[in-house]
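Trainee: Pasting a predicted model and its sequence here:
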Amino acid sequence: MKHWKMILFLIVLSTVCTLLLSSAQLAYNSASAMFNVRFYRVILDLFEIEAPEEMTEQVFMENFDIMTVGGTVYYISKIKEPGTVAFKSEGSGLWSRIEVLLAVTADHEKLYGMRVLSQAETPGLGGRISEIEFQESFRGVEIRPQLEIVKFASQPNEVDAITGASRTAQSLEKIINKGVAGMDKAF
């Protein structure tokens, strides 16, 4: 009789564990899908492609091909600015990890645009990298020989830094140039 109780206990325990793991997987899949839709929305906004919220994923898939090379996912524009490549790049900032979305023109000579996806730099100083005005200053900037963030931009490959945020600017410059170097290897 003792063996039957043990077997019954193990069956119940394994059933409960299976249900818990299945529920966790469903929750993960749901959260992952929501994250992807938000990320797709950022890319569509960068390319100024209009899409109703409920059709974000469909419009994104119509406009971009997805390619993975060496662990980096590249989103290649098919319709607006064909051949333009968007991808994530990340690295250490002054206080936190900085993650950016970069889009490079089809000829791989200029930035089509840049968006900061996550950062926790000093509010009012380095945190200003999240401001759309700063991010828009990267549009059309040359990335050859490499992009530079400087005090007073005067060259086609330079962007004006944020006053008082030189360490964050240096970090962002490294993150962008590292991402571009990775893209060069992939393409």
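Mentor: The structure has been received and is ready for your questions. Numbering: from 1, shown residues only.
Trainee: For this structure, which segments count as strands?
Mentor: Under the criterion DSSP state E, the chain carries strands at the ranges 64-69, 72-77, 85-92, 97-104, 111-118, 148-150, 158-160.
Trainee: what residues are up against residue 81?
Mentor: Residue 81 makes contact with 47, 105-106, 112, according to CB atoms under 8 Å, 6 or more residues apart in numbering. (Each C-beta comes from the backbone N, C-alpha and C, glycine too.)
Trainee: Buried among those? Make that a PyMOL selection.
Mentor: With 16 or more other CB atoms under 10 Å as the burial test, the buried ones among the contacts of residue 81 are selected in PyMOL as follows:
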select buried, resi 47+105+112
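Trainee: closest to residue 169 among the contacts of residue 81?
Mentor: residue 112 (20.7 Å; CB to CB).
Trainee: Skipping adjacent residues, who's closest to the closest one in space?
Mentor: residue 103 (3.9 Å; CB to CB, 6 or more residues apart in numbering).
Trainee: and the gap between that neighbour and residue 138?
Mentor: Distance of residue 103 to residue 138, computed by CB to CB, to the nearest Å: 9 Å.
Trainee: Bridged to residue 74, which residues?
Mentor: Applying DSSP bridges to residue 74 gives these bridge partners: residue 67, residue 87.
Trainee: Give me the buried stretch members for stretch 124-135, please.
Mentor: 125-130, 134-135.
Trainee: Just the closest of those to residue 40, please.
Mentor: Of the buried residues of stretch 124-135, the one sitting nearest to residue 40 (CB to CB) turns out to be residue 135, at 18.0 Å.
Trainee: low-confidence ranges in the protein?
Mentor: 1-2, 30-34 (pLDDT under 70).
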